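Q: below: sequence and its predicted model.
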Amino acid sequence: MGGGELHNFRDRSTYWQVEWVTRDGERHTSAIDKNDLTVVSAGICLSGGDRHFDLQSLVGVVEQRY
């Protein structure tokens with residue numbers, strides 16, 4: 001829905017390590033909190049604002065930045 005494509009994910013205790021690709025083919029790895037699905041680590045610099053996003057909104061931010 002956000003424009004990204006899931007390629008893989010791994011269970012990492014309290015978060016999911018998610019590997020995904022943008023529409024343009026850029027690969028990203030992000031950490032997503034299992035409890036509320038917010039971004040723990042976007043895999044790009046968001047100036048400490050990672051937790052303001054969920055995986056869907058993160059895809060939109062990355063699509064706009066690049």
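A: Cool, got the structure.
Q: please count neighbours and contacts with C-alpha atoms only from this point.
A: Fine.
Q: tell me which stretches of this structure form helices.
A: 55-65 (DSSP state H).
Q: pull the helix or strand with minimum mean pLDDT from it.
A: Within the chain, no helix or strand scores below helix 55-65, which has a mean of 81 by mean pLDDT, DSSP states H and E.
Q: as CSV, could you dump the C-alpha coordinates of that helix?
A: Output in CSV follows, covering the C-alpha atoms of helix 55-65 (Å, rounded to 0.1, in the frame of the first residue of the first chain):
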residue,chain,number,x,y,z
LEU,A,55,6.5,0.9,8.1
GLN,A,56,3.9,2.1,5.7
SER,A,57,4.6,5.8,6.4
LEU,A,58,8.4,5.1,6.3
VAL,A,59,8.1,3.9,2.7
GLY,A,60,6.4,7.2,1.7
VAL,A,61,9.2,9.2,3.4
VAL,A,62,11.9,7.2,1.7
GLU,A,63,10.1,7.5,-1.7
GLN,A,64,10.0,11.3,-1.3
ARG,A,65,13.7,11.6,-0.1
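Q: what about that helix, distance to the chain center?
A: In terms of CA atoms, centre = their mean, to the nearest Å, the gap separating the centre of helix 55-65 from the centre of its chain is 8 Å.
Q: mind giving me the packing neighbours of that helix?
A: Other helices and strands packing on helix 55-65, by 3 or more CA pairs under 8 Å, 6 or more residues apart in numbering; DSSP states H and E, are absent; none qualifies.
Q: number of nearby residues for the nearest residue to R51 once chain neighbours are set aside?
A: With CA to CA, 6 or more residues apart in numbering as the criterion, R51 has its nearest non-adjacent residue at 5.0 Å, and that residue is V39. V39 sits with 24 neighbouring residues when counted by other CA atoms under 10 Å.
Q: with I44 instead?
A: For I44, using other CA under 10 Å, the count is 12.
Q: ok, now G43?
A: A total of 13 residues lie near G43 under the criterion other CA under 10 Å.
Q: which pLDDT value does the model give it?
A: What the model reports as pLDDT for G43 is 89.
Q: isn't it right up against I32?
A: No - taking contacts as CA atoms under 8 Å, G43 lies outside contact range of I32: 10.7 Å.
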